[in-house]
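Visitor: Output the structure for:
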Amino acid sequence: MSRRSGILEFAVLGLLRESPMHGYELRKRLNTSLGVFRAFSYGTLYPCLKTLVANGWLIEESGNTPEDALAAPLSGRRAKIVYRLTAEGKEHFEDLLSQTGPDAYEDEHFAARFAFFGQTSRDVRMRVLEGRRSRLEERLEKMRASLARTRERLDDYTLELQRHGMESVEREVRWLNELIESERAGRDQRRPGSDGAAQQDSTSGESGGLPRPGDTPGPDPSDDTAM
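Guide: Prediction:
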């Protein structure tokens, strides 16, 4: 199985865990919610769905009303097929969510994993975020070394493109740093004996550590280091 088809299967299972859908709804959600799948087609989705059904992770159900089912043979219209996650499919998806190997840090796979962080335990989220940050820091170091070696041979436009690429990676590293700190703060707040009645188990998938407007206080005006 190719890496991209594996990411697609993961995303389909994750979306169907939220609710059953037919193919059109799935494609729309994949296109709008997960940017990594903007350019894929039904010709990619339906073989994936058939594979998941064959593996016992999905079942197909008629999405038509009884009246639609009677009218379909007469009108020549195809019955709508709704895909539903099975118990085995849910178990398989949860197993995929728990994985934190190198694939989870790659560009496309990380985007799909991050989209389902709300269903992922905090400890796993932390490992994926830290792994992604480490991967990008390695990439950034290589980019800087390459630029230092080739700077004199590059024209202005190629040099600007290289700088743009580095700035993009640097921005994501800063974003990851913020997420990691927020996850750590959320975990600390929920330790036994900490303030607040709503203590959360580390296996919960709630996005308690995600920074939201108003969640964290601004810098203390009396703290000179915050200026």
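
Visitor: Downstream of the helix or strand of the chain at the bottom of the mean pLDDT ranking, the next helix or strand is which one?
Guide: Least confident helix or strand of the chain, by mean pLDDT, DSSP states H and E, is helix 66-75 with a mean of 47. Using DSSP states H and E, the helix or strand that follows helix 66-75 in sequence is strand 81-85.

Visitor: mean confidence score for the helix or strand following that following strand?
Guide: Moving toward the C-terminus from strand 81-85, the next helix or strand (DSSP H and E) is helix 87-97. Taken as a whole, helix 87-97 carries a mean pLDDT of 96.

Visitor: which is the next helix or strand following helix 87-97?
Guide: Criterion used, DSSP H and E; the element after helix 87-97 is helix 107-115.

Visitor: which residues of this protein fall in strands?
Guide: 21-22, 58-62, 81-85 (DSSP state E).

Visitor: can those go into CSV with extra columns for distance to Ser134 and mean neighbour count?
Guide: From N, CA and C alone the C-beta is placed, and that goes for glycine too. CSV is the format used below for the strands of the chain (distance: least, Cβ to Cβ, whole Å; neighbours: other Cβ atoms under 10 Å):
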stretch, distance to Ser134, mean neighbour count
strand 21-22, 35, 16
strand 58-62, 35, 15
strand 81-85, 33, 19
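
Visitor: May I see those organised as CSV, with distance to Ala112 added?
Guide: Shown next, in CSV, are the strands of the chain (distance: least, Cβ to Cβ, whole Å):
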stretch, distance to Ala112
strand 21-22, 17
strand 58-62, 18
strand 81-85, 17
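
Visitor: which residue packs closest to Ser33, ignoring adjacent ones?
Guide: Ala115 (6.5 Å; Cβ to Cβ, 6 or more residues apart in numbering).

Visitor: ok, now which ones touch that neighbour?
Guide: When the contact criterion is Cβ atoms under 8 Å, 6 or more residues apart in numbering, the partners of Ala115 are 11, 14, 33-34.

Visitor: Give the burial count for the nearest residue to Leu176 once chain neighbours are set aside, as a bare number.
Guide: Using Cβ to Cβ, 6+ apart and skipping the chain neighbours, the partner closest in space to Leu176 is Arg133 (4.4 Å). If you count neighbours by other Cβ atoms under 10 Å, Arg133 ends up with 19.

Visitor: Arg133 contacts Glu178, correct?
Guide: No - using Cβ atoms under 8 Å as the test, Arg133 is too far from Glu178 to be in contact (10.8 Å).

Visitor: which other helices and strands contact whichever helix in the chain runs longest?
Guide: In the chain, assigned by DSSP state H, the helix with the most residues is helix 156-189. On a contact count with 3 or more Cβ pairs under 8 Å, 6 or more residues apart in numbering; DSSP states H and E, helix 156-189 meets helix 122-150.

Visitor: tell me which residues of the helix it packs on are tucked away?
Guide: Neighbour counts using 16 or more other Cβ atoms under 10 Å place 122, 124-133, 135-136, 140, 143 of helix 122-150 among the buried residues.

Visitor: again, but for stretch 107-123
Guide: 108-110, 112-117, 119-122.

Visitor: can you give me the end-to-end distance of that stretch?
Guide: By Cα to Cα, to the nearest Å, the extent of stretch 107-123 from end to end equals 21 Å.

Visitor: How is this structure divided into domains?
Guide: 3-64+76-101, 121-189 (automatic domain parsing).

Visitor: can you tell me which of those the model trusts least?
Guide: domain 3-64+76-101 (a mean of 86).

Visitor: Once you drop chain neighbours, what's closest to Arg132?
Guide: Among residues not flanking Arg132 along the chain, Tyr105 sits closest, at 4.6 Å (Cβ to Cβ, 6+ apart).
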